[in-house]
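J.: sequence and predicted structure, then a few things I'm wondering about:
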Amino acid sequence: MRTSARNHFSGQVSAVKAGAVNDEVTLRTDSGLDIVAIITHGSAASLGLAAGKPAFALVKASSVIVMVDGDAAKVSTRNVVAGTVESVTKGAVNAEVVIAATGGAKIAAIVTNESVGHLGLAAGKAATALFKASSVIVGVDA
């Protein structure tokens, strides 16, 4: 499958917490990362999501926030992935920042060039990628 989302994580569903309207789905990626998604109960049912089912998660790079020198325990996002900046590619206004996490997962974020400078983002610097569970799209192969 090909998509425009910069972040594509394959793995297996490790848990589904059902709700009346929304379900919380946890995907354990092939690299050992846990990704939490909030999707409608109807979507979880139509996809047949259950523990052990192969699935994937998509996250747009524009939905990823980058933090340095912060306390990840004091943010409201469910997905907090610490790592090291692998690359920074600047454009006219925005930059793509790729963070390499332990286990091999890579997360791309789009941030302003101003933020790159303000945060001191550069290859080798410690950084954390954050994204809300509601920003995660879950899919299964047809």
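T.: It's in. Numbering: from 1, shown residues only.

J.: how about the strands in this protein?
T.: 7-17, 22-29, 34-40, 54-59, 65-67, 79-90, 94-101, 106-112, 126-131, 137-139 (DSSP state E).

J.: who touches the fourth one?
T.: Taking contacts as C-beta atoms under 8 Å, 6 or more residues apart in numbering, the residues outside strand 54-59 that touch it are 1, 3, 5-13, 25, 27, 29, 35, 37, 47, 49, 79, 107, 131, 135-141. Heads up, the C-betas are built off the backbone N, CA and C, glycines and all.

J.: show me how the chain divides into domains.
T.: Under the assignment automatic domain parsing, the domains of the chain span 7-59+133-139, 61-130.

J.: between the strands of the chain, which one is nearest to Ala73?
T.: Closest approach to Ala73 among the strands of the chain (C-beta to C-beta): strand 79-90, 8.6 Å.

J.: adjacent strands (with direction) for the closest one?
T.: Strand 79-90 has the following strand partners under DSSP bridges: strand 94-101 (antiparallel), strand 126-131 (antiparallel).

J.: and it, average pLDDT?
T.: In this model, strand 79-90 carries a mean pLDDT of 97.

J.: pull out the buried positions in that strand.
T.: Buried residues in strand 79-90, counted by 16 or more other C-beta atoms under 10 Å: 79-81, 83, 85-86, 88.

J.: what's the angle from that strand to strand 106-112?
T.: Going by axes from the mean of the first three to the mean of the last three C-alpha atoms, to 10 degrees, strand 79-90 is angled at 60 degrees with respect to strand 106-112.

J.: with mean neighbour count and mean pLDDT as extra columns, can I get the strands paired with strand 79-90 in CSV?
T.: Output for these, formatted as CSV (neighbours: other C-beta atoms under 10 Å; pLDDT from 0 to 100):
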stretch, mean neighbour count, mean pLDDT
strand 94-101, 20, 98
strand 126-131, 21, 97
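
J.: would you format the ones you listed as TSV with distance to Lys60 included?
T.: Below are those laid out as TSV (distance: least, C-beta to C-beta, whole Å):
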stretch	distance to Lys60
strand 94-101	12
strand 126-131	9
